[in-house]
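> Turn this into a model:
(chains A, B, C and D)
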Protein chains: 2
Amino acid sequence: MTNIKDIARLAGVSVSTVSRVLNNYKYVANDKRESVLQVIEEMKYTPNKNAIDLIRGETRTIGVILPYNNNPAFDQLLNGILNKALENDFLVTVLPSKYSKEKEMEYLQKLKSKLFDGIIITSRANDWETIIPYSDFGTIVSCEYTPHPEIGCSYMDRYSSFLDAFQLLKNKGHRAVSFTTARLESKSTKQMIDAYHEIFGELPPGYHISDCHCLEDGYGAAKQFLELHERPTAIYANGDEVAGGMYLYAKSQQMKVPADLAIIGQENQPVGIGLGLSTVDHQLTKIGEQACSLVIKKSREKVKIPYRIVERDSV
Amino acid sequence: MTNIKDIARLAGVSVSTVSRVLNNYKYVANDKRESVLQVIEEMKYTPNKNAIDLIRGETRTIGVILPYNNNPAFDQLLNGILNKALENDFLVTVLPSKYSKEKEMEYLQKLKSKLFDGIIITSRANDWETIIPYSDFGTIVSCEYTPHPEIGCSYMDRYSSFLDAFQLLKNKGHRAVSFTTARLESKSTKQMIDAYHEIFGELPPGYHISDCHCLEDGYGAAKQFLELHERPTAIYANGDEVAGGMYLYAKSQQMKVPADLAIIGQENQPVGIGLGLSTVDHQLTKIGEQACSLVIKKSREKVKIPYRIVERDSV
DNA sequence: CCTTGACTTGAAATGCATTTCATAAATTAG
DNA sequence: CTAATTTATGAAATGCATTTCAAGTCAAGG
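Numbering: from 1, shown residues only, chains lettered A, B, ... in the order given. As a prediction, the model looks like this:
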């Protein structure tokens, strides 16, 4: 491989001058600039990015820790991140964690080892106390709110959105409302349950089913809910795929939506548009974009992204 | 930041010895090894990855060029790639191209600049002739077949799969078969049309609708097909989301699937499982895994991944 | 007792480009 | 016509870790 020294030699100048040409520095005589460019062209020279990153101490690369890489919610976040990174000529490295504490630490270690300028944590397994020391080595931005000043946040107020959604259902006259969630132990699930209590009080047995991710899960959940003795009149699904499954089950039972069963989903996913499902849009793409912007600006701000309820024909 | 020199000084040894400890080299006296490890621990030292990559000339990072980053098919490929990379301690950088020739070249340039050990091209805008010269600088693997020996391939025989799917429908007695595709100008669309001709001959006007991507598109396409004077008795959809939309439209018209309308989808996506749709599974996840393996092995083999038709209840 | 091979260690070279420092020539300002 | 800028360029230092080379110690084999 030819390097900057070869170019300098062949063009009859010093490496400094070649470097100046490479970086569009103002003060280079035209004839030398020309001959350097010509040699670069002839030799098809490309600078070694590792050497540049080493000396500059930055890589224009962002690491994105995400637990699952085939999950629509995280895909939306990643999508937003990629959009913004592309705009700003940053690269994005995907760091799948599967919620493993060790993997997460390994990735944070790579921030310290100067592989990334910053890291976006979409969801995490470790405590903030464990993560914070790494914020000395680059910008860390979280997609969930945390008060720690060392960590930037691009987030939405999940709890409020849950309250709003439940309140909407209550306003429409529903009193028997059930819901689904993903992981039982997640913070989000806890908040969902709290919001339920706040609006409807006691949670009847069987009114909450967890580990729902796809259309099938929603189909099964709806079946379970509707076989209960006191069947719910409305369901809040943790995603439009799941809501779509519920809708299909309701239809299969000759039920009318929303007359016999109201359904509201989440994340404003394509399925929901097709089926006319109302949804709580958490604007994950925007959250991803904002998170990426924060890393690029090296900012540790806390930016709250507004959610919105998209009312279509299912509630 | 502390570097290897600091560690050497504090531990009272040379940098070579520290490097040996870092790389688990056999011949280091126990006491020195201990004291080096202790200093590393005390100083919370982490080696600079850019320096290592520079000198070693490899990064254990793979670049993945993909046109769209919110498309289920490319997500499946990426998913497979990430799985395999994770297993082998490789990192994956996502390179969104939007089919821009310039962006693609920019990414290939990064292979030359030693940022990646290899690149996986899931789909491309440039000619192979333009791409091939870059195979000197790392392993390039394509997810589409190409005879060029410089390029590794992890692919499936798309044309055969189209033939098989159409033949299946023909065997079930269908003579009026329509289909949908994504981009009109893609190679895949061309193959689909060729396969149609091969099995059914002349393509009746209105029997092919392009630019179908999501459930909604499928819903609309089914509507269009079924309003034709000579309505088709079977549809081959370019994806299960699309097929799902068709299924829902058929149901909305009180049609029985497959009795009144047979539907077969593609890619074996979650929606299809829920709706019991038959599908042509191109095993994109496996293709992604294999592509990643090839890069890791620095192999330029051509590996054909078998597709399979999953028969459920819609044909 | 000498040779040979297994250990052990450090100095220096290496990979590559950027940046600072020093110097010199050519302009411009006063 | 000096003094102060602006323009132009190269040598050398810098960022950091790996690897080769040379050399030394020590124990086992003959």
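> Please save the CA atoms from the lowest-mean-pLDDT helix or strand in chain A in PDB.
When the helices and strands of chain A are scored by mean pLDDT, DSSP states H and E, helix A:270-275 comes last with a mean of 79. What follows is helix A:270-275 as a C-alpha-only set of coordinates in PDB (Å, rounded to 0.1, in the frame of the first residue of the first chain):
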ATOM      1  CA  PRO A 270     -47.400   0.200   9.000                       C
ATOM      2  CA  VAL A 271     -49.900  -2.600  10.000                       C
ATOM      3  CA  GLY A 272     -51.900  -0.100  12.000                       C
ATOM      4  CA  ILE A 273     -52.300   2.300   9.100                       C
ATOM      5  CA  GLY A 274     -53.700  -0.500   7.000                       C
ATOM      6  CA  LEU A 275     -56.100  -1.800   9.600                       C
END
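> now it, how far from the centre of its chain.
In terms of CA atoms, centre = their mean, to the nearest Å, the gap separating the centre of helix A:270-275 from the centre of its chain is 21 Å.
> List the neighbouring strands of the next helix or strand after it plus their orientation.
Using DSSP states H and E, the helix or strand that follows helix A:270-275 towards the C-terminus is strand A:278-281. With DSSP bridges as the test, strand A:278-281 is paired with strand A:262-266 (parallel), strand A:308-310 (antiparallel).
> my guess is A:Gly265 contacts A:Gly276, does it?
No. A:Gly265 is beyond contact range of A:Gly276, at 10.8 Å (criterion: CB atoms under 8 Å). To be clear about C-beta, it is placed using only N, CA and C from the backbone, and glycine gets the same treatment.
> ok so, going back, check whether the least confident helix or strand of chain A contacts chain B.
Yes. Helix A:270-275 lies within reach of chain B by CB under 8 Å from any CB of the partner chain, at A:270-271, A:273-275.
> swap in stretch A:41-49?
Yes. Using CB under 8 Å from any CB, a contact is recorded between stretch A:41-49 and chain B, made by A:46-49.
> on that earlier part again, now the residues of helix A:270-275 next to chain B as TSV including distance to A:Pro205 and neighbour count?
Below are those laid out as TSV (distance: CB to CB, whole Å; neighbours: other CB atoms under 10 Å in any protein chain shown):
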residue	distance to A:Pro205	neighbour count
A:Pro270	34	20
A:Val271	30	29
A:Ile273	34	17
A:Gly274	34	22
A:Leu275	29	25
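> could these go into a markdown table alongside distance to B:Met156?
Shown next, in a markdown table, are the residues of helix A:270-275 next to chain B (distance: CB to CB, whole Å):
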| residue | distance to B:Met156 |
| --- | --- |
| A:Pro270 | 25 |
| A:Val271 | 26 |
| A:Ile273 | 30 |
| A:Gly274 | 28 |
| A:Leu275 | 31 |
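> Among those, which one sits closest to DNA strand C?
The shortest gap between DNA strand C and any of the residues of helix A:270-275 next to chain B belongs to A:Pro270, at 43.7 Å (CB to the nearest atom of the strand).
> so what's that closest one up against?
Applying CB atoms under 8 Å, 6 or more residues apart in numbering or on different chains, we find A:Pro270 in contact with A:240, B:214-216, B:241.
> May I see these arranged in CSV, with secondary structure as well?
Listed next are the contacts of A:Pro270 as CSV, based on DSSP: H, G, I helix; E, B strand; the rest coil:
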residue, secondary structure
A:Asp240, helix
B:Cys214, coil
B:Leu215, helix
B:Glu216, helix
B:Glu241, helix
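> Highest neighbour count among those residues?
A:Asp240 (31 neighbours; other CB atoms under 10 Å in any protein chain shown).
> How about the contacts made by it?
Taking CB under 8 Å, 6+ apart, we find A:Asp240 in contact with A:265-272, A:277, A:279.
> and those, which are buried?
A:265-272, A:277, A:279 (16 or more other CB atoms under 10 Å in any protein chain shown).
> domains of chain A?
Domain segmentation of chain A under automatic domain parsing yields A:4-47, A:56-156+A:285-307, A:158-281.
> Show me the one of those that comes nearest B:Gly201.
B:Gly201 sits nearest to domain A:158-281 of all those, at 33.0 Å, using CB to CB.
> Identify the residues contacting the residue nearest the centre of chain A.
Ranked by distance to the mean C-alpha position of chain A (CA atoms, centre = their mean), the top residue is A:Leu77 at 2.6 Å. Going by CB under 8 Å, 6+ apart, A:Leu77 touches A:66, A:122, A:143, A:284-285, A:287-288, A:291.
> same check, this time on A:Pro72
Taking CB under 8 Å, 6+ apart, one finds A:239, A:241, A:267, A:269 in contact with A:Pro72.
> before we move on, the earlier item: want to throw the contacts of A:Pro270 into CSV with distance to A:Ile305?
Formatted as CSV, the contacts of A:Pro270 follow (distance: CB to CB, whole Å):
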residue, distance to A:Ile305
A:Asp240, 19
B:Cys214, 24
B:Leu215, 26
B:Glu216, 25
B:Glu241, 27
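> Which residue is the nearest non-sequential neighbour of A:Pro204?
Sequence neighbours aside, A:Glu230 is the residue nearest to A:Pro204 in space, at 6.4 Å (criterion: CB to CB, 6 or more residues apart in numbering or on different chains).
> what about that neighbour, neighbour count?
A:Glu230: 11 surrounding residues under other CB under 10 Å.
> now swap in the one 4 residues further on and tell me
The criterion is other CB under 10 Å. On that basis, A:Ala234 has 23 neighbouring residues.
> okay but it is in contact with A:Val177, surely?
Yes. A:Ala234 is within contact range of A:Val177, at 4.7 Å (criterion: CB under 8 Å).
> which residues are common contacts for those two?
With CB under 8 Å, 6+ apart as the test, A:Ala234 and A:Val177 both reach A:Leu169.
> for whichever residue of the stretch 51-200 of chain A sits closest to DNA strand D, helix, strand, or coil?
When scored by CB to the nearest atom of the strand, the stretch 51-200 of chain A has A:Ile55 as its residue closest to DNA strand D, at 4.1 Å. Secondary structure, three-state DSSP: A:Ile55 is helix.
> what's the burial count for it?
The burial count for A:Ile55: 11, using other CB under 10 Å.
> same thing with the one 4 residues further on?
Counted with other CB under 10 Å, the burial measure for A:Thr59 works out to 24 neighbours.
> so who does the nearest residue to it once chain neighbours are set aside touch?
Leaving aside its sequence neighbours, A:Thr59 sits nearest to A:Asp53 (CB to CB, 6+ apart; 4.7 Å). With contact taken as CB under 8 Å, 6+ apart, A:Asp53 is in contact with A:59, A:114, B:50.
> Equivalent analysis for A:Arg231, please.
Neighbours of A:Arg231 in contact, by CB under 8 Å, 6+ apart: A:176, A:225.
> Look at it and give its secondary structure.
With three-state DSSP as the basis, A:Arg231 sits in coil.
> Torsion angles phi and psi at it?
Taking degrees, to the nearest 10, you get phi -70, psi 140 for the backbone angles of A:Arg231.
> what are the bridge partners for A:Ile120, then?
Beta-bridge partners recorded for A:Ile120 (DSSP bridges): A:Val64, A:Val141.
> Setting aside sequence neighbours, what's the nearest residue to A:Ile296?
Excluding the flanking residues, the one nearest A:Ile296 by CB to CB, 6+ apart is A:Asn88, at 5.3 Å.
> just to revisit the earlier point, what would the buried ones among the contacts of A:Asp240 look like in a markdown table with distance to A:Gln109?
Converted to a markdown table, the buried ones among the contacts of A:Asp240 look like this (distance: CB to CB, whole Å):
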| residue | distance to A:Gln109 |
| --- | --- |
| A:Gly265 | 38 |
| A:Gln266 | 34 |
| A:Glu267 | 32 |
| A:Asn268 | 36 |
| A:Gln269 | 35 |
| A:Pro270 | 37 |
| A:Val271 | 39 |
| A:Gly272 | 39 |
| A:Leu277 | 42 |
| A:Thr279 | 39 |
